[in-house]
Each structure stands twice: as C-alpha cells, then as structure tokens.
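Novice: Show me the folded form of this:
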Amino acid sequence: MTDPSCPPAHVAILDDEPEIRRMLALALEDAGFRTSSFGRATEFEAALKRTAPDVCLVDLGLPDRDGLALVHRLALESGAAIIIISGRAQVQDRVTGLELGADDYIIKPFEPAEVVARVRARLRKSRTDSDRPARTARFNGWTAHFDRYLLQSQSGEEVPVSHAEAEMLRLFLEAPKRLISRAQMQEQLGGGAGETFDRAMDVRISRLRTKLGEDPKNPRLIKTIYGAGYIFLGDVTWG
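Specialist: The predicted structure follows:
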C-alpha cells in the first residue's frame, strides 16, 4: 500500500522495444509508482537533466549508446538505483553489469511482477540508507561522503564511487574489524546469486581497493579471509 504522506517513487524506463516499455509502465503504475519511458538513450539523458528518478530500468541493447557505458556513467553521476533489464544471459554479462555499478540484473523474458518486486526491494534498501543519520565516515586518511558518492583523500583529491561501490564500502565501515561473510553480503546488498554474485563482489572489492590506493597483493584495509569472506581493518569515525 502506498503511503499517502509520501509522493510516489519515480521509475525511469529505458528500452528500445515499445511493448516492453508499455508492459513495465503499466505494471509499475498499477503498483503505485510514477513512470517515464524512453526508447533512446539521448532522450533519457536529456530528461535526467530536468528530473532525478529514484530507480532506472536500463536495457543494454540500445540503438544509440553502449548500454554498459551508460550504466557506468549513471552509477557515478546519479543517486538512482540502477536495474539492468537485458536479454544477455551469460554470467560474464551479468558480472560486468553489476561491477560497473548496477544494483540488480534481470534477464529477459521476465514477469512484470518480478520487476515490481525488485524495484520495491531497491527502494526499501535506499530508504534504509537514507534513514541513517551519519552520511560521512573518516578512516585511515580518507573521508567517505555517502551523500555525494565521493571519497576524499587527506590532500583533498576526490575519487568518485558508484552507488554499488558505496553500498559495499558502507557495509565494511559499519562493521570494522568484523568478518563480513558472503551470506551477509548477499543479504545486505542483493544483486544476484551464486557465481554471478560472488564474482561481482570480488570485482567490486577490487575496484574499492584500487580507489583507496591499496596494494592488490597485500591490501591493508580490506582483507580477504579465504573461504570465509572479508574484513575491514581500519579505524572508523562517523559524523
């Protein structure tokens, strides 16, 4: 049931197939969401300059733009949750989409009810994050600005992080010096399962290490505990 005190969440749909756009818009609007639909990336990007959707549903097979490149740009520049909808079912395609910043990946053909459920799940996660009072964390010479998706070094250098990378980093910073298992990551972060999820998490952690200037052979902050998960060894201050 939609809360009358809150405006309906806005879902942007980008797919070059009119039938899929209509099907998704109808299912989402019946579920209480507001939607906007686009058949080309240029139209979608122009609309983003005027409005900020809560969730973006993005097809990878676009006629005028590389879908994965668009997903990566959205992940770095927008605060929206990103769900890929694609006919590409290979594990590597799903891993690539997730590690470039997508929050979830749905394979065509799909049931509209599944998409609605995934959108609701991402919005619940986003609202949980926004309810947390602390939006900035300091650790080992770095400051993480979760409201701006930025890491800032002691020298003032700013390093952008994607929505997915920020979720991963927050998970570590909220539980420093404690083992984070794969099962906990799956529960907290979602975005697939099995081999796809494991490989996407590995790549996401690798990217975080690179952005934090870690030695990939001997990382100081994010340690791999083989067969168990990961542990963050820094001292964290929230404020």
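Novice: Run the chain-centre distance for the lengthiest helix in the chain.
Specialist: Assignment by DSSP state H gives helix 112-131 as the longest helix of the chain. A distance of 12 Å separates the centroid of the chain from that of helix 112-131, by Cα atoms, centre = their mean, to the nearest Å.
Novice: what is the mean pLDDT for it?
Specialist: In this model, helix 112-131 has an average pLDDT of 80.
Novice: ok, and what's touching that helix?
Specialist: 9, 11, 23-24, 26-28, 31, 33, 54-55, 57, 81, 83, 85, 103-104, 106, 146, 167, 170, 190 (Cβ atoms under 8 Å, 6 or more residues apart in numbering). Where you see a C-beta, it was placed from the backbone N, CA and C, and this is true even at glycine.
Novice: I'd like to know which of these are buried.
Specialist: Neighbour counting with 16 or more other Cβ atoms under 10 Å marks 9, 11, 23-24, 27-28, 31, 33, 54-55, 57, 81, 83, 85, 103-104, 106, 146, 167, 170, 190 as buried within the contacts of helix 112-131.
Novice: Can you list the strands that the helix or strand following the longest helix of the chain pairs with?
Specialist: Following helix 112-131 in sequence order, the next helix or strand is strand 136-139 (DSSP states H and E). Strand 136-139 has its sheet partners listed here by DSSP bridges as strand 142-145 (antiparallel), strand 236-238 (antiparallel).
Novice: Let's have these in TSV, adding mean neighbour count, mean pLDDT and distance to residue 208.
Specialist: Formatted as TSV, the strands paired with strand 136-139 follow (neighbours: other Cβ atoms under 10 Å; pLDDT from 0 to 100; distance: least, Cβ to Cβ, whole Å):
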stretch	mean neighbour count	mean pLDDT	distance to residue 208
strand 142-145	18	95	10
strand 236-238	14	93	14
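Novice: ok, and for the longest helix of the chain, which residues are buried?
Specialist: Buried positions in helix 112-131, judged by neighbour count with 16+ other Cβ under 10 Å: 112, 115, 116, 118, 119, 120, 122, 123, 125, 126.
Novice: just those now: which is nearest residue 99?
Specialist: residue 122 (17.3 Å; Cβ to Cβ).
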